[in-house]
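K.L.:
fold the stuff below for me.
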Amino acid sequence: MDDWEDEPDTGGWMKTPIKIDIPFHKRTLHPGTKEFDTGILHHRKLISVIQQKLTWLSNHPHLHFEPYELFWQPNDTAGLIRVYGELYTSDAFLQAHHEVQNSIGEPGCDLPHVVLGLMFASDGTQLTTFSNAKLWPVYLMFGNESKDRRSKPSCHAFEHVAYLETVHIVCYDVILGPT
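P.N.:
So this is what the prediction gives:
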């Protein structure tokens, strides 16, 4: 067992330090790239989130794993009009579904082959009333669920998959050489 028994369950959350390379122009005092620590990324593995959500929603009647084209006919004399509005009725989803169905599957696997539409969103969140502490949660939703259901908080369609820290900009004295 990797974890100590008295350690709290983290729910699959991990911490990864994020470092980025910043290039400095050749005319600066210290040209080249410098590595900067931008903070910690708190995140969960997408596979575990997907497995957990699909297990919970396995018999959910609102998930669409078979894409389709939706048409509307305003009256008997009018022609059919293609309706676009859901990910699972889009041309891209239909094409991906077709490619997955025609692909060679894993040997010995008789599970259905489906396309899972992953949709990500993020927004800034003020953590306290009297300070400037902010956080940027990253959410995951399934495009296989109707947007009408995804937009209702009571449906619990959003999964938190990461938290981005606010990057603090630090000024470094970069002295330019002669021009």
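K.L.:
from residue 159, how far out is the residue most central in space within the chain?
P.N.:
For the chain, residue 120 is the residue whose C-alpha lies nearest the centre (C-alpha atoms, centre = their mean; 3.3 Å). Distance of residue 120 to residue 159, given as C-beta to C-beta, to the nearest Å: 10 Å. No exception for glycine: its C-beta is placed from N, CA and C like everyone else's.
K.L.:
name the residues contacting each of these two.
P.N.:
Shared contacts of residue 120 and residue 159, defined by C-beta atoms under 8 Å, 6 or more residues apart in numbering, comprise 139-141.
K.L.:
now tell me which helix or strand of this structure has the poorest mean pLDDT.
P.N.:
Using mean pLDDT, DSSP states H and E, strand 125-126 stands out as the lowest-scoring helix or strand of the chain, at a mean of 80.
K.L.:
what's next to that one, contact-wise?
P.N.:
By C-beta under 8 Å, 6+ apart, the surrounding residues in contact with strand 125-126 are 133-137.
K.L.:
check which element follows it along the chain.
P.N.:
Per DSSP states H and E, strand 125-126 leads on to strand 134-142 as the next helix or strand towards the C-terminus.
K.L.:
what's the average pLDDT for that next one?
P.N.:
Strand 134-142 carries an average pLDDT of 89.
K.L.:
give the other helices and strands that it contacts.
P.N.:
With contacts taken as 3 or more C-beta pairs under 8 Å, 6 or more residues apart in numbering; DSSP states H and E, strand 134-142 sits against helix 46-56, strand 118-122, strand 125-126, strand 159-165.
K.L.:
CA atoms only: put stretch 140-152 into PDB for me.
P.N.:
Provided in PDB are the C-alpha atoms of stretch 140-152 (Å, rounded to 0.1, in the frame of the first residue of the first chain):
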ATOM      1  CA  LEU A 140     -15.400  18.900 -17.200                       C
ATOM      2  CA  MET A 141     -18.800  18.100 -18.700                       C
ATOM      3  CA  PHE A 142     -19.900  15.400 -21.100                       C
ATOM      4  CA  GLY A 143     -21.200  16.600 -24.500                       C
ATOM      5  CA  ASN A 144     -23.200  13.400 -24.600                       C
ATOM      6  CA  GLU A 145     -25.600  15.000 -22.200                       C
ATOM      7  CA  SER A 146     -28.100  17.600 -23.300                       C
ATOM      8  CA  LYS A 147     -27.100  21.200 -22.800                       C
ATOM      9  CA  ASP A 148     -30.500  21.700 -21.100                       C
ATOM     10  CA  ARG A 149     -29.400  19.300 -18.400                       C
ATOM     11  CA  ARG A 150     -25.800  20.500 -18.300                       C
ATOM     12  CA  SER A 151     -27.000  24.000 -17.500                       C
ATOM     13  CA  LYS A 152     -29.000  22.900 -14.400                       C
END
